[in-house]
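Peer 1: Below is the sequence, then the predicted model.
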Amino acid sequence: MMLLKKSVSIVVACTIFLSGCATGSAGLSQPKVGPQLSSAYEKTVVQEETPSIQKPKLDIIVPVFDPGLPDDPEDYKDAGIWPELRRAEASRFAYQMKLALEETGAFGAVRVMPDSSATGDLYVVGKINESSGENVDIDINVFDISGKEWFDKSFDHEVAADFHNNIRNKGKDPYAPVFKQAAEKLVEELNDHKDEQLTQLQALTDLRFGANFSDEAFSQYMKVQGSKVSLVGYPDANDSMLRRVKAIRVRDQLFIDRMQPHYEQFNQKMEASYALWQKQSFEEVKAAQEAKSESIRKAAAGIGLIALAVLSGVSGGRSNSTGGAVAGATGAAVAGQIGMGLLGSSAKMNEESKFHRDALIELGQSIEGEIAPQVVEHDKTTTELTGTAKEQFSQWRVFLKRMFEQEATPDVQL
């Protein structure tokens with residue numbers, strides 16, 4: 001009996017031991033530290049990462065902003081606008097919009113152009129409503145290549161009172177938040193579009209670019225209704241005309257890319273002066289507001305005291321006692337003098353307010369003198385392009401048209 005018990009104990013012990021070994025070899029129980037058993041790797045399944053599918057990235061054209069100048073030049077001063085500064089801001093704002101859109105990482109190439117005639121999938125058209133150093137307000141109207149409007153919305157931002165005194169803001173543009181708002185809005189709109197819609201827009205972009213050179217070859221794939229263009233078909237990938245147009249479009253994109261340093265350099269050139277203008281303009285606007293507020297307060301107090309002087313005089317004149325009449329006359333004189341003094345101070349404050357407005361105009365004129373039109377240089381081209389960026393792009397399109405026509409002749413290569 002004793003031998004039987006010992007045998008059972010040995011069997012149980014061996015069973016537990018073997019069970020522990022099996023558990024360890026199966027990788028279900030491993031030491032907490034040190035090298036693991038080889039079995040730990042046998043059942044390890046290597047998970048291959050599935051590449052994330054991104055939405056088609058649309059190319060964006062950002063035309064130079066509309067400076068928002070009044071139709072009548074006589075209204076410039078009343079509106080606090082000096083035209084050359086606004087025109088410079090129109091280029092700067094377009095470039096800042098480009099940077100904000102690029103920062104999202106949601107789009108393809110983002111290019112600043114003189115106008116909206118360049119080829120792109122989306123067009124971000126901006127207008128400056130206000131730019132005072134303290135407040136900035138822009139209107140952003142976004143269209144796609146089909147002519148469909150994605151949104152038309154105003155974005156504004158008020159610069160914080162301590163922005164320029166905060167060392168953490170050194171090198172930052174106080175207007176940056178307004179462009180970030182607009183870029184984020186466009187990303188929201190982009191996410192509301194299906195991938196298929198975006199792919200169709202890219203195809204339509206190819207066809208509209210091609211139709212710029214040959215209506216006959218590409219108009220059959222598009223339907224035009226008023227200002228809207230829709231895709232009704234697409235040529236075969238091996239279509240010779242499509243391949244030629246795509247090759248030309250690559251050259252067009254490269255040309256537009258070579259124009260981008262023009263806007264970057266323009267932005268850099270005005271950076272220091274413009275940052276100084278923003279800071280000083282902010283301070284001048286605040287000072288002008290304070291001066292105007294103080295002027296109104298003193299004027300109101302002065303008028304009140306003059307009214308009190310009149311009442312004192314009337315009251316004293318109606319008094320039956322000699323003392324009352326004298327007191328009334330004295331009160332009227334004192335109140336009148338104080339009131340006139342305050343009105344004089346108010347006039348002085350108005351002059352100070354005007355001085356601040358004049359200072360703003362002077363600041364604008366100083367920047368106007370520092371900013372001059374830029375000429376885009378073109379290397380490795382067979383045609384000399386001269387004039388402004390807009391003029392040169394127009395000449396480039398004529399060059400492309402000639403290139404297309406010459407390549408249509410088998411024996412002639414450009």
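Peer 2: Yes, it's here. Residues are numbered from 1 along each chain as shown.

Peer 1: State the distance from the residue lying closest to Arg111 once chain neighbours are set aside to Ser116.
Peer 2: Nearest residue to Arg111, sequence neighbours excluded (CB to CB, 6 or more residues apart in numbering): Ile256, at 5.3 Å. For every residue, glycine as well, the C-beta is placed using N, CA and C. Counting by CB to CB, to the nearest Å, the separation of Ile256 from Ser116 is 13 Å.

Peer 1: Neighbour count: the two, which is higher?
Peer 2: Counted by other CB atoms under 10 Å, Ile256 and Ser116 do not tie: Ile256 has more neighbours, with 20 against 14.

Peer 1: Kindly state the pLDDT recorded for that one?
Peer 2: On pLDDT, Ile256 comes in at 92.

Peer 1: so which strand or helix has it?
Peer 2: Assessed by DSSP states H and E, Ile256 sits inside helix 240-317.

Peer 1: what does Gly210 give?
Peer 2: helix 195-211.

Peer 1: Restricting the selection to alpha carbons, write that helix to PDB.
Peer 2: What follows is helix 195-211 as a C-alpha-only set of coordinates in PDB (Å, rounded to 0.1, in the frame of the first residue of the first chain):
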ATOM      1  CA  ASP A 195     -12.100  59.800 -53.400                       C
ATOM      2  CA  GLU A 196     -13.900  59.100 -56.700                       C
ATOM      3  CA  GLN A 197     -15.000  62.700 -56.900                       C
ATOM      4  CA  LEU A 198     -11.500  63.900 -56.400                       C
ATOM      5  CA  THR A 199     -10.100  61.500 -59.000                       C
ATOM      6  CA  GLN A 200     -12.600  62.800 -61.500                       C
ATOM      7  CA  LEU A 201     -11.500  66.300 -60.800                       C
ATOM      8  CA  GLN A 202      -7.900  65.400 -61.500                       C
ATOM      9  CA  ALA A 203      -9.000  63.800 -64.800                       C
ATOM     10  CA  LEU A 204     -11.100  66.900 -65.700                       C
ATOM     11  CA  THR A 205      -8.000  69.000 -65.000                       C
ATOM     12  CA  ASP A 206      -6.100  67.100 -67.700                       C
ATOM     13  CA  LEU A 207      -8.900  67.500 -70.200                       C
ATOM     14  CA  ARG A 208      -9.400  71.200 -69.600                       C
ATOM     15  CA  PHE A 209      -5.600  71.800 -70.000                       C
ATOM     16  CA  GLY A 210      -5.700  69.900 -73.200                       C
ATOM     17  CA  ALA A 211      -8.800  71.800 -74.500                       C
END
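
Peer 1: if we can go back for a sec, pretty sure the residue nearest to Arg111 sits against Pro114.
Peer 2: No: at 10.6 Å, Ile256 and Pro114 do not qualify as touching, with contact defined as CB atoms under 8 Å.

Peer 1: Spit out the residues that contact the two alike.
Peer 2: Listed as contacting both Ile256 and Pro114 by CB atoms under 8 Å, 6 or more residues apart in numbering are Phe393.

Peer 1: where exactly do the strands run in the stretch 51-200 of the chain?
Peer 2: In the stretch 51-200 of the chain, the segments counted as strands under DSSP state E, counting those that start in this stretch are 60-63, 110-113, 122-131, 135-144, 149-158.

Peer 1: Would you mind giving those as JSON lines with mean pLDDT, distance to Phe399 and mean neighbour count added?
Peer 2: Output for those, formatted as JSON lines (pLDDT from 0 to 100; distance: least, CB to CB, whole Å; neighbours: other CB atoms under 10 Å):
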{"stretch": "strand 60-63", "mean pLDDT": "97", "distance to Phe399": "19", "mean neighbour count": "24"}
{"stretch": "strand 110-113", "mean pLDDT": "96", "distance to Phe399": "16", "mean neighbour count": "24"}
{"stretch": "strand 122-131", "mean pLDDT": "96", "distance to Phe399": "23", "mean neighbour count": "21"}
{"stretch": "strand 135-144", "mean pLDDT": "96", "distance to Phe399": "27", "mean neighbour count": "20"}
{"stretch": "strand 149-158", "mean pLDDT": "96", "distance to Phe399": "32", "mean neighbour count": "15"}
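
Peer 1: and Gln54, how many residues sit next to it?
Peer 2: With neighbours defined by other CB under 10 Å, the count for Gln54 comes to 9.

Peer 1: Tell me the spacing between it and Gly105.
Peer 2: To Gly105, Gln54 is 10 Å away according to CB to CB.

Peer 1: Over to Asp72?
Peer 2: Distance, Asp72 to Gly105, by CB to CB: 43 Å.

Peer 1: quick one: contacts for Ala211?
Peer 2: Neighbouring residues of Ala211 by CB under 8 Å, 6+ apart: Ala217, Phe218, Ser219, Met222.

Peer 1: Buried ones among the residues you listed?
Peer 2: Buried subset of the contacts of Ala211 (neighbour count, 16 or more other CB atoms under 10 Å): Ala217, Phe218, Met222.
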